[in-house]
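Trainee: whatever this is, show me its structure:
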Amino acid sequence: VQLVESGGGLVQPGGSLRLSCAASGFIFSTYVMSWYRQASGKERELVARISSGGGSTDYADSVKGRFAISRDNVKKIVYLQMNSLKPEDTAVYYCNTYRARGSREYWGQGTQVIVSS
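Mentor: Here you go, the predicted model:
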């Protein structure tokens with residue numbers, strides 16, 4: 001299993017970024033995909049999750065209405081569209097996947113997002 005994130009960078013408050021996570025080594029369309037983030041000195045937290053078929057999504061309260069998770073099961077990519085970014089969104093963002101609850105989880109290497117003027 002390999003997960004490769006991209007799209008991070010420096011953005012001003014109020015700006016937008018789109019993160020991508022390219023997956024390989026497993027049957028992508030049968031796995032739940034998630035985005036987590038970890039700010040400096042804080043625990044890793046769930047940002048958004050999308051079901052294997054893409055029909056169900058969940059978001060952290062802190063990002064609802066601003067972030068959107070989506071997936072392309074043909075290209076094997078999961079996206080995180082981030083709008084109205086705030087300084088508190090600054091973190092390393094990680095892609096995560098698992099087949100079913102309780103099964104092994106896999107992580108990408110992370111991509112840094114910095115929201116600052």
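Trainee: contacts and neighbour counts: CA atoms only from here.
Mentor: OK.
Trainee: show me where this protein has its strands.
Mentor: Applying DSSP state E to the chain gives strands spanning 2-6, 9-11, 17-24, 32-38, 45-50, 57-59, 67-72, 77-82, 91-98, 105-107, 111-115.
Trainee: adding mean neighbour count and mean pLDDT, write these out as CSV.
Mentor: Below are the strands of the chain laid out as CSV (neighbours: other C-alpha atoms under 10 Å; pLDDT from 0 to 100):
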stretch, mean neighbour count, mean pLDDT
strand 2-6, 19, 97
strand 9-11, 15, 98
strand 17-24, 20, 98
strand 32-38, 23, 98
strand 45-50, 20, 98
strand 57-59, 17, 98
strand 67-72, 20, 98
strand 77-82, 20, 98
strand 91-98, 23, 97
strand 105-107, 15, 97
strand 111-115, 20, 98
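Trainee: show me what contacts the one residue sitting closest to the centre of the chain?
Mentor: In the chain, the residue lying closest to the centroid (C-alpha atoms, centre = their mean) is W35, at 2.6 Å. By C-alpha atoms under 8 Å, 6 or more residues apart in numbering, the contact list for W35 reads L46, V47, A48, R49, L80, Y93, Y94, C95, N96.
Trainee: if we use 6 Å, what do you get?
Mentor: When contacts are counted by C-alpha atoms under 6 Å, 6 or more residues apart in numbering, W35 touches V47, A48, Y94, C95.
Trainee: please apply the same query to A60.
Mentor: If you count contacts by C-alpha under 6 Å, 6+ apart, A60 has them with V47.
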